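*Asks:* Next one to model:
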Amino acid sequence: MQPDKRPSSSTVSRQLPDGGLVELVYHPDDEKVRLATSEFGEIKYQDHIELQSGELLEPLRARHSLIRHHVVLFPSQATEYGSVEELAVELRAYIRRYVSFSDTFTDIATYYIILTWVYDRFNELPYLRFKGDFGSGKTRALTVIGAVTYKPIFASGASTVSPIFHSLDLIRGTLILDEADFRFSDERAELTKIFNNGTVRGFPVLRTNMSDKREFDPQAFDVFGPKLIGMREIFQDYALESRFITEEMPGTIGAGVPINLPVSQKEEALALRNKLLLFRFREHPRVAIDQTLADGGLSSRANQILVPLLSIIPDADMRERIKALVLAQSDELVRDRSTQLEALVLDVILQLSEKMPKDAYIPLSAIRQATLSQYVSEFERPLTSRLLGSIIRNRLRLRSYRSSVYLVAVPKGEQLELLCKRYGISRAEMRL
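*Replies:* Next up, the predicted model:
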């Protein structure tokens with residue numbers, strides 16, 4: 001059978017049944033794509049690979065728009081890097097040459113880059129975010145860090161969301177998204193689906209397309225993978241916010257950092273991608289999650305996103321510094337959350353409960369009156385009984401029932417502890 005008659009697959013990367021890896025390499029000088037594999041420590045480059053099943057793997061064509069317009073960057077070959085520690089030193093020097101970060105975040109960025117090249121060995125991932133106003137260096141950070149991540153997919157807030165879904169599903173690489181403060185609410189909702197579903201393996205985004213026969217055709221898009229984003233503000237969804245490790249960009253350029261990126265930066269990035277490709281071939285089978293690195297002082301969400309990163313960091317002191325930074329960001333998130341409407345209502349309920357017998361129910365009208373008297377300036381819209389009831393039932397998850405009036409149960413025990421911790425209210429000793 002002729003090669004062009006066999007069932008073929010356009011391939012960017014693949015893990016074979018025997019555990020072997022296939023990776024696309026692209027030579028920008030001659031615009032040639034090939035598939036790289038590693039067998040017994042030897043790297044081979046092939047125009048196509050025939051599997052035992054008869055399937056023919058062919059590289060994504062070089063003239064594909066994602067490659068031609070440099071939306072996705074690939075290594076050109078696998079080159080020697082020495083040890084993992086030596087590779088980390090090179091990456092750290094590369095970052096410091098072009099971006100101004102704090103020392104701890106430089107370490108985070110260094111090992112996040114390495115994490116992206118073996119991300120498929122983990123089931124949960126953190127996201128990296130550069131936050132600041134225009135001119136603060138967000139785009140520079142995304143350009144420099146993104147260029148050495150695994151199969152970076154460069155996009156911007158000007159992009160529509162649909163091609164981002166398709167690109168992530170096709171490339172299975174690292175999303176680099178600039179200006180992620182989408183203007184329209186529907187775009188923000190679609191973007192949020194990518195971030196919410198993309199941090200945990202096995203939760204594809206489902207979308208419906210129309211087939212040629214005018215029939216609805218549900219499709220699943222795999223959006224799991226590492227992500228780097230630049231934003232001016234934060235997401236209002238605190239659950240989504242907790243998935244990010246954030247660097248507040250200083251807006252100043254450090255000593256020795258060039259104002260404009262030189263041409264050599266792209267050459268350096270390609271050389272590092274080539275070394276990181278060999279790292280992937282060598283280390284991918286050995287990388288594993290280390291659950292002993294979970295920290296009781298961190299929330300379950302913080303541990304969930306942080307342990308994969310910590311699992312590839314050999315230095316114990318560095319791990320502790322990174323934990324401290326993430327803990328500080330988590331505490332700040334809790335403080336921000338304490339100003340939410342739910343926190344204000346919970347605080348009022350707990351205040352009222354102090355004046356009532358144990359296990360008593362509080363009238364909804366009393367909660368509304370006390371909330372308005374203390375926090376009337378906090379509400380952008382009228383605090384109706386319906387809105388207040390929805391907050392209590394659907395957000396705080398407190399029990400209520402109707403007698404002659406609506407009554408609300410006071411939280412206690414473990415429920416009280418969890419609510420106080422979530423909303424930053426220091427009343428955990430009450431009614432335990």
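
*Asks:* residue ranges of the strands in the stretch 301-432 of the chain, please?
*Replies:* Assigned by DSSP state E, counting those that start in this stretch, the strands in the stretch 301-432 of the chain fall at 361-363, 400-402, 406-409.

*Asks:* what's the first one packed up against?
*Replies:* Think strand 361-363. For strand 361-363, the elements it packs on are helix 341-353, strand 406-409, judged by 3 or more CB pairs under 8 Å, 6 or more residues apart in numbering; DSSP states H and E. All C-beta atoms are positioned from the backbone trio N, CA, C, and that covers glycine.

*Asks:* hey, least reliable of the strands of the stretch 301-432 of the chain by pLDDT?
*Replies:* Of all the strands of the stretch 301-432 of the chain, the minimum mean pLDDT falls on strand 400-402 (a mean of 82).

*Asks:* re the thing from before, adding distance to residue 375, write the strands of the stretch 301-432 of the chain out as CSV.
*Replies:* Output for the strands of the stretch 301-432 of the chain, formatted as CSV (distance: least, CB to CB, whole Å):
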stretch, distance to residue 375
strand 361-363, 17
strand 400-402, 20
strand 406-409, 17
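
*Asks:* Could you dump the helices and strands packed on strand 361-363 into TSV and include mean neighbour count and distance to residue 145?
*Replies:* As requested, these are exported to TSV (neighbours: other CB atoms under 10 Å; distance: least, CB to CB, whole Å):
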stretch	mean neighbour count	distance to residue 145
helix 341-353	20	35
strand 406-409	19	48
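
*Asks:* so can I have TSV of these showing distance to residue 258?
*Replies:* Listed next are the helices and strands packed on strand 361-363 as TSV, based on distance: least, CB to CB, whole Å:
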stretch	distance to residue 258
helix 341-353	45
strand 406-409	60
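
*Asks:* hey, least reliable of these by pLDDT?
*Replies:* Ranked by mean pLDDT, the helices and strands packed on strand 361-363 bottom out at helix 341-353, which scores a mean of 84.

*Asks:* elements contacting that one?
*Replies:* Packing partners of helix 341-353 (3+ CB pairs under 8 Å, 6+ apart): strand 361-363, helix 364-375, helix 413-423.

*Asks:* out of the ones you listed, which comes closest to residue 97?
*Replies:* Proximity to residue 97 (CB to CB) singles out helix 413-423 among the helices and strands packed on helix 341-353, at 41.6 Å.

*Asks:* Pass me the low-pLDDT residue ranges in the stretch 101-250 of the chain, would you?
*Replies:* For the stretch 101-250 of the chain, the stretches with pLDDT under 70 are 157-159, 180-189, 210-214, 236-238.

*Asks:* which residues of it fall in helices?
*Replies:* Along the stretch 101-250 of the chain, counting by DSSP state H, counting those that start in this stretch, helices occupy 103-116, 138-146, 161-171, 185-198, 238-241.

*Asks:* who wins for proximity to residue 276 among the ones you listed?
*Replies:* With CB to CB as the criterion, residue 276 lies closest to helix 103-116 of the helices of the stretch 101-250 of the chain, at 7.4 Å.

*Asks:* so that closest one versus helix 138-146, what angle?
*Replies:* Relative orientation of helix 103-116 versus helix 138-146 (axes from the mean of the first three to the mean of the last three CA atoms, to 10 degrees): 50 degrees.

*Asks:* starting at the chain centroid, how far to helix 103-116?
*Replies:* The chain centroid and the centroid of helix 103-116 are separated by 14 Å under CA atoms, centre = their mean, to the nearest Å.

*Asks:* try stretch 246-266
*Replies:* Worked out by CA atoms, centre = their mean, stretch 246-266 lies 23 Å from the chain centre.

*Asks:* what does that stretch contact?
*Replies:* Contacting residues not belonging to stretch 246-266 are listed as 97-102, 105, 108-109, 128-133, 135-138, 140-141, 143-144, 147, 329 [CB atoms under 8 Å, 6 or more residues apart in numbering].

*Asks:* So for that stretch, first residue to last residue, what's the gap.
*Replies:* One end of stretch 246-266 sits 25 Å from the other (CA to CA, to the nearest Å).

*Asks:* Next, the buried residues of it.
*Replies:* By neighbour count on 16 or more other CB atoms under 10 Å, the buried set for stretch 246-266 is 246-247, 249, 265.

*Asks:* So for the longest helix along the chain, mean pLDDT?
*Replies:* Using DSSP state H, we find that the single longest helix of the chain is helix 316-337. Mean pLDDT, helix 316-337: 81.

*Asks:* Residues touching stretch 296-312, excluding its own?
*Replies:* With contacts defined as CB under 8 Å, 6+ apart, stretch 296-312 is touched by 108, 111-112, 114-115, 118-119, 122, 124-127, 199, 239, 242-243, 245, 287-291, 293-295, 319, 322-323, 326-327, 330.
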